[in-house]
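**Q** how would this look folded up:
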Amino acid sequence: MATAIMKQKEVPEMDDVEEIISKISEDSPYKRRPTQKRTWMTVPEMGKLLGLKKTDRYWLVHKNVFESKEIAGKIRINIASFEKWYANQIKYHKVTGEEPGKELKSWSYSVKEVADLLGVDEYLVYDLLKKNQMEAVIVDYWKRIPKESFQNWYKSQSRYRTKEDREKDALLEDATITMPEMAQLLGTTRSAVYTILDNPKYSHFFEFIVIAEKKRITKESFQKFLEGQDRYKLDPSNDYEELAQEQNIALANFRRKKLSQTGIRGSNGNIKYLTFDEASYLAKVSRSMINKWADKGKFTVIKVGSRVRIRRDEFEDWMEQRDFGKEHAIIWHPFHVP
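**A** Take a look at the predicted model:
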């Protein structure tokens, strides 16, 4: 008997099935095509986006601020051109809340923004524009100042300053004095100060910086001037701020007397440090005794430049403990009976 051998049909693998389905899908005429990005919109769509009435919509179209053309008998607006216009104007606002003028603001300032930057009134900015100090462009009937033009003008002068630079200037002002302030410190006239500054004998002492178009002298160089010559000294009638704030009246008077003798502020101590003479005065002991206490490490002694100073807080604490010990010490006597 003949045996019929049936050939078993091969079953395709799962990966092959998926590949076949994918191929059919790609070749299908019913395949969903990706949505193409719109390039044009209608005038009503534009008007609705900006919240404009019919008359204002067509008025804006006829201004030719963005590209438009007639398609199938209807005016259409190029969306890319519209967005470019929207990013470079600030008059019209989308009802969606999207901020206008992003591109415009990236390269220019309004007059108000410049006024706020400089901390001045707007009329002053208009005056600078009138004098051609800065360039301006007209956008929607409003003047705007290119940032590059503003920066070029700003670097060319030092009278007007931004808030950040005013804060930096304040730090520099604290480290400097004006010519009138120098005159007051020396108890002399302005003309005498200018004579000092022009004198080759003294001019090498001074360093200057310009703040808001005013020349100022660094306090450090003024101190070098005081210490480097014997003719000019500080007027003792002028208390410097730290001396005026000194709460220890006796110490303040001691420093004033010292200042009147030397004319050198740096020869005095300050809120944090004492000179050896000041420590001697406060403790009512000789300077040699202060040296002995310092050698024994009773308080910290540091070197400030070429000067040696005593940490005031440690010295006052040690003096307080020393006085307390004196008051409570038991004086031993050979006939003392406990």
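**Q** Isn't residue 121 up against residue 115?
**A** Yes. The pair residue 121 and residue 115 qualifies as a contact (C-beta atoms under 8 Å) at a distance of 6.3 Å. Heads up, the C-betas are built off the backbone N, CA and C, glycines and all.
**Q** More neighbours: which of those two?
**A** Using other C-beta atoms under 10 Å, the more surrounded residue of residue 121 and residue 115 is residue 115, with 17 against 10.
**Q** correct me, but residue 75 touches residue 69?
**A** Yes. Using C-beta under 8 Å, residue 75 is in contact with residue 69, at 7.4 Å.
**Q** which of the two has more neighbours?
**A** residue 75 (16 against 10).
**Q** Where does that one sit: helix, strand or coil?
**A** strand (DSSP: H, G, I helix; E, B strand; the rest coil).
**Q** what pLDDT does it get?
**A** On the pLDDT scale, residue 75 is placed at 93.
**Q** Ok, residue 338 next?
**A** pLDDT, residue 338: 45.
**Q** now do residue 263
**A** For residue 263, the pLDDT comes out at 64.
**Q** Which helix or strand contains the residue nearest to the spatial centre of the chain?
**A** Centroid check for the chain by C-alpha atoms, centre = their mean gives residue 164 as the closest residue, at 3.9 Å. Per DSSP states H and E: residue 164 is located in helix 163-174.
**Q** CA-only coordinates of that helix in CSV, if you can.
**A** This file holds the C-alpha atoms of helix 163-174, laid out as CSV (Å, rounded to 0.1, in the frame of the first residue of the first chain):
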residue,chain,number,x,y,z
LYS,A,163,22.1,100.5,38.8
GLU,A,164,24.7,97.7,38.8
ASP,A,165,27.5,100.2,38.0
ARG,A,166,26.2,102.7,40.6
GLU,A,167,26.6,100.0,43.2
LYS,A,168,30.1,99.3,42.0
ASP,A,169,30.8,103.1,42.1
ALA,A,170,29.6,103.2,45.7
LEU,A,171,32.3,100.8,46.7
LEU,A,172,34.9,102.8,44.9
GLU,A,173,33.6,106.0,46.4
ASP,A,174,34.1,104.5,49.9
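**Q** Go through that helix and flag the buried ones.
**A** Neighbour-count burial for helix 163-174 flags 165, 169, 173 (criterion: 16 or more other C-beta atoms under 10 Å).
**Q** Give me the distance from stretch 221-233 to the chain's centre.
**A** 34 Å (C-alpha atoms, centre = their mean, to the nearest Å).
**Q** Give the bridge partners for residue 41, please.
**A** Here residue 41 sits in beta bridges with residue 77, going by DSSP bridges.
**Q** Listing request: residues of the stretch 151-300 of the chain with sub-threshold pLDDT.
**A** 236-242, 260, 262-263 (pLDDT under 70).
**Q** now the helices for it?
**A** With DSSP state H, counting those that start in this stretch, the ranges of helices along the stretch 151-300 of the chain come out as 163-174, 179-186, 190-198, 200-203, 219-228, 241-244, 249-262, 276-283, 287-295.
**Q** Format these as JSON lines; extra columns: distance to residue 145.
**A** Output for the helices of the stretch 151-300 of the chain, formatted as JSON lines (distance: least, C-beta to C-beta, whole Å):
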{"stretch": "helix 163-174", "distance to residue 145": "18"}
{"stretch": "helix 179-186", "distance to residue 145": "35"}
{"stretch": "helix 190-198", "distance to residue 145": "39"}
{"stretch": "helix 200-203", "distance to residue 145": "42"}
{"stretch": "helix 219-228", "distance to residue 145": "38"}
{"stretch": "helix 241-244", "distance to residue 145": "41"}
{"stretch": "helix 249-262", "distance to residue 145": "52"}
{"stretch": "helix 276-283", "distance to residue 145": "57"}
{"stretch": "helix 287-295", "distance to residue 145": "64"}
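**Q** which of those sits most buried?
**A** Comparing those by mean neighbour count (mean count of other C-beta atoms under 10 Å), helix 276-283 comes out on top with a mean of 19.
**Q** distance between it and the chain's centre?
**A** A distance of 43 Å separates the centroid of the chain from that of helix 276-283, by C-alpha atoms, centre = their mean.
**Q** could I get that helix in CSV with only the CA atoms?
**A** C-alpha atoms of helix 276-283 as CSV (Å, rounded to 0.1, in the frame of the first residue of the first chain):
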residue,chain,number,x,y,z
PHE,A,276,50.6,99.5,72.2
ASP,A,277,50.3,103.1,73.4
GLU,A,278,46.5,102.9,73.5
ALA,A,279,46.7,99.6,75.4
SER,A,280,49.1,101.2,77.9
TYR,A,281,46.8,104.1,78.3
LEU,A,282,43.7,101.9,78.9
ALA,A,283,45.5,99.6,81.3
